[in-house]
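Colleague: Fold the following for me, if possible:
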Amino acid sequence: MEKKGDFDAKNDSSKILVIGDWIVDEHWVTGTHRSRTRSRPGKAHRRALHGLKSNVMSLAGAGLTASILHQVKWRNQNRDIVGVGLWHPDDTDTLTALLHPSSANEHTPHQITQKYFSQDEAPPLLINLCQESVEPACGTNRVIRLYQKKGSEYDMFDRIDWELEKPSGPRFSKQNIGDDAALNRVADPKNVEAVVIKDLAKGVISEGSISLLVDRFKQKKSIKWFISSKEFRPQWASRLKPVKHCVQLFMIPPVAAQRALAEEDFTSWTTCSSDGTKAPSQKAIEIIDATTREYPNAIVVVLPDDRTALVCGRTGRKKHAEKESPESSEEDASFVLWIDRSERAFPGCPMASVFFAVMIAFLLEDPHLYLGGLLKHSLSFLCEWMSKEAGRVVDPDGWRPDQETCLNLSSFNVDQPTPDRITPVSWQDTQEEWKQALEGHGVILDRPPRLELWRAMHEVAGYICLVPSKRKVLRAIVAELQSFKAAGGSDHHHSCLLIASPGSGKTHLARCLANHLNMGFLEFNIAQMLNLQDILDCFDTIVTTQLQNQGKRLLVFIDEINTELNRQSVYSTFLAPLEKGLYIRAEKAFQIAPCTWVFAGTRDPEEDDANKASDFVSRLTLPPQRLDIGGDEESWARLEKVYQGVSLLRTRFPDVDQVSHKVLATFHLCRPNLEVRKLEQFVKSFFYIQYGKVHSKNVPSRWFKDLGIDQANWNLISEYEKDENERDQPVHIK
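Modeller: Below you'll find the predicted structure:
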């Protein structure tokens, strides 16, 4: 534990309190071991590739955040780190030493006895909240990650967690945390500059611990709060209300961002815009906007994955240089940025904890740093740090922890050009554009007016869907397929049944699902088969494809599942493949590796009263999903027809980039339940299209009756909007 004298000597310094879950990561890189003397090798025999002077250990979570902050070379003043968490009582000195990465040098399992010595003359103070008199003894959370070298590739094939079972109730109460003498001494509001909360949902951060911190520091409004939690909406967040105006940074890391998809019922934080860059989805804007209202002085950062960040800040920050986005609004600054992972980066290379720490450092050094500059410098350091940290795995024998980059704030260049990977976004403009894109004919009233097809592809890239009930079905299917991929595709088969009318685009949807999730795709149609033997041939094709592409997860699409072959339903043929991955040919059993099955039909199998229909449905991992339009969804269905019609025009006539308002109105007049196939036939019959422009004169009116369009109503529509400012301005397609 800490020495009182050492603490008192630094009592007048500015302190950063880092509280949260402290994790020790170990990265073991292995290759195949081919020993002649081996015995009991098990299923795989591997050898560690680390040398005597290598190392395997590093801090993660709150420990990594504290380590980055501890190494910062501040420009204006020195700051002391005070770490608070839970670990084994005997590990305090070791964790203190590990805050300086070079302390781990030459520490590997090559030697049984390991001693760690701090590289600092005045090491940071660590406070262990584990009190054996109040609760059972704590362990230090450790994670061992195992990598396999395959040529130039490094695959993390396994992970082992050393983690004791958490108590059934709260880890500790406000009372017993408040009785901690060491925490009471250090948590003097007059010396604390910042409170950093790094929550990995392992028990340190709770309503009790947050209440203690808030009660201790709420009177000093100058204390800055920085928050990151793997819980999307942590229950303890309500306790922050007295200090919500002091929160400077609120980060939603990848785990929390992925949880949000299920809790908020949407599929993606970003969509791919017309120019190929990432843009915030409509739901992302709603969530981030609500968070900025909850914490009005905070920069809100969402990390949907380890490559992308959505950032919004409404704090009126000053620009450090006129070169930094002078056209951007200081009161509504927001950005999308993406991190190009180094080719040498390895699986599991940390990002969120480092990005969190670096942004904290810049905000403490200069609270008024313009958001664009803050992201520019933070991203630059992050990419450099990850590039060097990759050596831990790709060069296990030669890499040294003292090669890690330290943040030097005394020499950073504020006039450094903004990287191309940071895209400024006007949050208010983006909100207004989404509003216009999802009403009327979907036209964004700009100069010139435009219709952006990607805005109708919320759930699945490349597939247009705006009807809420249909979008809910897509979210359920995407979640099911993502759960298969998240499990590594090695647990069991996942399957679903899509029920929709003929010509509704089921096959197109299946292809888009495969592309959206980067999966292999095989398509079969029962209606094109002659007998049950043809289905066995399909199974053979699946097995062969899996053997040829073992690293690629496979989506198998079976259309027209309601079709009978030789007056027999085909449901029974799929029972064993879905449940056990087996099929029988010539009295021999063959194995199909786990894959995803997407079946499609025009009606629910149980409505057919067919043999084994109920057994088939019971084996689906997702109940049958209907792509129907609800009675109150007509306006959405008509707008969806506008986007579908324009998309089909672009497919049929690739040079088309402008469409008149009357053509959009024509699609909008189509009956809401019009099949995509019928709409496609209509678009194919457009005539005399020239110069990449489509006008009402190109529309074949002979189709109107089939489409449900009243000719008289169509004649009443002018070619252009009534507003004179919009005359002769066709809609541009993006």
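Colleague: Find the residue closest to residue 161 in space, skipping its chain neighbours.
Modeller: residue 143 (5.5 Å; Cβ to Cβ, 6 or more residues apart in numbering). All C-beta atoms are positioned from the backbone trio N, CA, C, and that covers glycine.
Colleague: For the one you found, give me its contacts.
Modeller: 23, 24, 25, 26, 60, 159, 160, 161, 162 (Cβ atoms under 8 Å, 6 or more residues apart in numbering).
Colleague: and the spatially most central residue of the chain, how far is that from residue 390?
Modeller: Nearest to the mean C-alpha position of the chain, counting by Cα atoms, centre = their mean, stands residue 304 at 2.8 Å. To residue 390, residue 304 is 22 Å away according to Cβ to Cβ, to the nearest Å.
Colleague: next one: residue 731
Modeller: 47 Å.
Colleague: tell me the mean pLDDT for stretch 188-200?
Modeller: For stretch 188-200, mean pLDDT rounds to 91.
Colleague: Same check on stretch 313-330?
Modeller: 46.
Colleague: And for stretch 366-381?
Modeller: Mean predicted confidence for stretch 366-381 is 85.
Colleague: and the residue nearest to the centre of the chain, what is it in contact with?
Modeller: Contacts of residue 304 by Cβ under 8 Å, 6+ apart are 254, 257, 258, 268, 269, 270, 310.
Colleague: got TSV for the residues you listed, with pLDDT, neighbour count and secondary structure too?
Modeller: Conversion of these to TSV gives the following (pLDDT from 0 to 100; neighbours: other Cβ atoms under 10 Å; DSSP: H, G, I helix; E, B strand; the rest coil):
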residue	pLDDT	neighbour count	secondary structure
254	93	17	helix
257	95	22	helix
258	91	18	helix
268	88	21	coil
269	91	26	coil
270	87	18	strand
310	91	26	strand
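Colleague: Go through those residues and say which is closest to residue 517.
Modeller: In terms of Cβ to Cβ, no member of the contacts of residue 304 lies closer to residue 517 than residue 268, at 11.2 Å.
Colleague: and the closest one, backbone torsions?
Modeller: Phi and psi for residue 268, reported as degrees, to the nearest 10, are phi -160, psi 140.
Colleague: residues contacting it?
Modeller: Applying Cβ under 8 Å, 6+ apart, the residues near residue 268 are 261, 281, 284, 304, 458, 459.
Colleague: what's the helix or strand for residue 579?
Modeller: Assigned by DSSP states H and E, residue 579 belongs to helix 575-580.
Colleague: Using CSV, write out every CA atom in the helix or strand following that helix.
Modeller: Using DSSP H and E, the helix or strand that follows helix 575-580 towards the C-terminus is strand 582-585. C-alpha atoms of strand 582-585 as CSV (Å, rounded to 0.1, in the frame of the first residue of the first chain):
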residue,chain,number,x,y,z
LEU,A,582,-26.0,-34.0,-41.1
TYR,A,583,-27.5,-35.4,-44.3
ILE,A,584,-27.7,-38.9,-45.6
ARG,A,585,-26.7,-40.0,-49.1
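Colleague: Only the buried residues of strand 582-585, if you could.
Modeller: Using 16 or more other Cβ atoms under 10 Å as the test for burial, strand 582-585 gives residue 583.
Colleague: Tell me which other helices or strands that strand touches.
Modeller: Under the contact criterion of 3 or more Cβ pairs under 8 Å, 6 or more residues apart in numbering; DSSP states H and E, strand 582-585 touches helix 532-548, helix 575-580, strand 588-591.
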